[in-house]
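Visitor: Provided below are the primary sequence and the corresponding predicted coordinates.
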Amino acid sequence: MQSIRRVAVIGGNRIPFARSNSRYASASNADMLGAALDGLVARFGLAGQRVGEVVAGAVLKHARDFNLTREVVLGSKLDPHTPAYDIQQACGTGLEAAILVANKIALGQIEVGIAGGVDTTSDAPLAVNEDMRRTLLKLNSARTVGERLKIAAKLRPSQPFRPEIPRNAEPRTGLSMGEHAARTALRWQIDRQAQDELALRSHQRLAAAYDRGFFDDLLTPYLGLTRDANLRPDTSLEKLGSLKPVFGAKGPDAERATMTAGNSSPLTDGASTVLLASEEWARAHSLPVLAWFSWSETAAVDFVHGDEGLLMAPAYAVPRMLARAGLTLQDFDYYEIHEAFASQVLATLAAWESPEFCKDRLGLDAPLGAIDRDKLNVNGSSLAAGHPFAATGGRIVATLAKLLAESGGGRGLISICAAGGQGVTAILER
Ligand SMILES: CC(=O)CC(=O)SCCNC(=O)CCNC(=O)[C@H](O)C(C)(C)COP(=O)(O)OP(=O)(O)OC[C@H]1O[C@@H](n2cnc3c(N)ncnc32)[C@H](O)[C@@H]1OP(=O)(O)O
């Protein structure tokens, strides 16, 4: 048996994120992931090299993209002998890909790997309705003209085109991510002002990070964008406060709705990649280590039968990970909590502060307690940058690793909520 090895985060590269149906409206997942990968290959001199594995994914994929990542690798400057495959863990995809690569490096199965993610809601896969799909499949496999004509005759105007457009909703409840989060916001009594303040801080901090050049070596301009297009440096509490609630805004609790377009992450297009390696590989290639990838945990909640919030799984994953690592919630210099919605970040923090939640749900004698909010998402997060589902993990890993390198050391916590009631978390250290 090999012993476990340290896993280095060498760096990341992403393209600026764009709001859905804007600058990247005609770019495909393959185009965007390809652009992020090309930038990473160029930055770290990987052209012609055979990398151990490339693992990436997209939440929304066309049928033609059955192994999107391999196709992107074949179109890149990496050695074509580089194995590559897709994974899918909703918004946790990018981080889960990094965990997979990190674990293989830690076990000595590969020396270097690339994790990534991409998503576009502009170029979402569109399917025909079920009847039409089955008829078209039969038509495709018909052997004779006669058979084809017989099947085609069944296509009637009464069986119209009716496309099925993917919805940002849970199949088991039919509710959107936002509607689920609105229920959680009510349960935890998350107020509007606190959500708007979190959103404002996200924009201000992301803008400041851009202004000081923090993203210069984390980002490759793409299709004319050099910054995340959702970023609004000029937003204010007044503007945010004037927006109408969009989730939880119907039904008996409509009066108490708090979630708006300003304190919810927008539908976004974009891609990210991260380079991970063994210490030996990094040394042999004279590449500095930004941070070490140390612990990870994935949890799931029963939002279907139980009363657990859809996006609350990180509230369970983090304490499990802390227990294994022998750490407390306060033992961190930075907290990167993905901002799907401001209310979901605040509900997660409230759960960790709640003696009842920590006792009844986590089985702890004492609450995990509060975190220092000044250490939360210090370079902004998804409310300002946007959230191209599978690409968010890579954005966060690269941002946190660079932050740790820049500040000379410390420890950072990553927490990402995902559809399906799951949560993916990890720790980076330096
Ligand atoms: C998927 C997983 O696995 C887990 C997760 O992460 S769950 C999260 C998944 N993501 C989502 O669910 C996406 C949620 N977001 C949405 O569906 C949409 O963005 C939304 C419904 C919230 C808003 O959509 P929209 O109405 O098209 O937004 P948009 O037109 O841009 O904004 C509405 C208004 O707010 C304003 N606005 C938005 N953000 C603002 C800000 N920060 N400051 C000031 N004004 C702002 C806009 O300017 C616009 O104003 P006008 O109407 O005057 O032009």
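Guide: That came in fine, so what should we check first? Residues are numbered from 1 along each chain as shown.

Visitor: mind checking the longest helix of this protein?
Guide: Counting residues, the longest helix in the chain under DSSP state H turns out to be helix 192-211.

Visitor: so which residues make contact with it?
Guide: With contacts defined as Cβ atoms under 8 Å, 6 or more residues apart in numbering, helix 192-211 is touched by 185, 215, 227-228, 231-233, 235-237, 240-241, 258-260, 262-263, 339, 341-343, 345-346, 377-385. Any C-beta I mention is one placed from the backbone N, CA and C, and that applies to glycine too.

Visitor: run the last query once more with 7 Å
Guide: Contacts to helix 192-211, defined as Cβ atoms under 7 Å, 6 or more residues apart in numbering, come from residues 215, 227-228, 231-233, 235, 237, 240-241, 258, 262-263, 339, 342-343, 345-346, 377-381, 383-385.

Visitor: now the residues you listed: which count as buried?
Guide: Neighbour counting over the contacts of helix 192-211 (16 or more other Cβ atoms under 10 Å) leaves 215, 227-228, 231-232, 235, 240, 258, 262-263, 339, 342-343, 345-346, 377-381, 383-385 as the buried ones.

Visitor: which of these come close to the ligand?
Guide: Filtering these for proximity to the ligand (criterion: Cβ under 6 Å from any ligand atom) leaves 232, 235, 240, 262.

Visitor: give me the nearest residue to the last one, chain neighbours excluded.
Guide: Put plainly, it is Gly262. Leu240 (4.3 Å; Cβ to Cβ, 6 or more residues apart in numbering).

Visitor: tell me which element the one you found is part of?
Guide: In this structure, Leu240 sits in helix 237-242 according to DSSP states H and E.

Visitor: for that helix, name the packing helices and strands.
Guide: For helix 237-242, the elements it packs on are helix 192-211, judged by 3 or more Cβ pairs under 7 Å, 6 or more residues apart in numbering; DSSP states H and E.

Visitor: quick one: furthest residue from the center of this protein?
Guide: Gly146 (49.6 Å; Cα atoms, centre = their mean).

Visitor: that residue is in what secondary structure piece?
Guide: With elements taken from DSSP H and E, the one containing Gly146 is helix 145-153.

Visitor: go through that helix and flag the buried ones.
Guide: Ile151.

Visitor: helices or strands next to that helix in the packing?
Guide: Packed against helix 145-153 by the contact rule (3+ Cβ pairs under 7 Å, 6+ apart) you find helix 130-141.

Visitor: which secondary structure elements does the helix it packs on contact?
Guide: Here helix 130-141 touches helix 145-153, going by 3+ Cβ pairs under 7 Å, 6+ apart.

Visitor: mean confidence for the helix it packs on?
Guide: Mean per-residue pLDDT for helix 145-153: 88.

Visitor: return the set of buried residues in the worst-scoring helix or strand of the chain on mean pLDDT.
Guide: Least confident helix or strand, the chain: helix 130-141 with a mean of 85, by mean pLDDT, DSSP states H and E. For helix 130-141, burial by neighbour count (16+ other Cβ under 10 Å) applies to 132, 135, 139.

Visitor: remind me which residues of the stretch 51-200 of the chain are low pLDDT?
Guide: Across the stretch 51-200 of the chain, the ranges flagged by pLDDT under 70 are 157-161.

Visitor: which residues in it form strands?
Guide: Applying DSSP state E, counting those that start in this stretch to the stretch 51-200 of the chain gives strands spanning 53-56, 84-86, 112-119.

Visitor: want to throw those strands into TSV with distance to Asn67 and mean neighbour count?
Guide: Shown next, in TSV, are those (distance: least, Cβ to Cβ, whole Å; neighbours: other Cβ atoms under 10 Å):
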stretch	distance to Asn67	mean neighbour count
strand 53-56	10	27
strand 84-86	6	21
strand 112-119	13	33
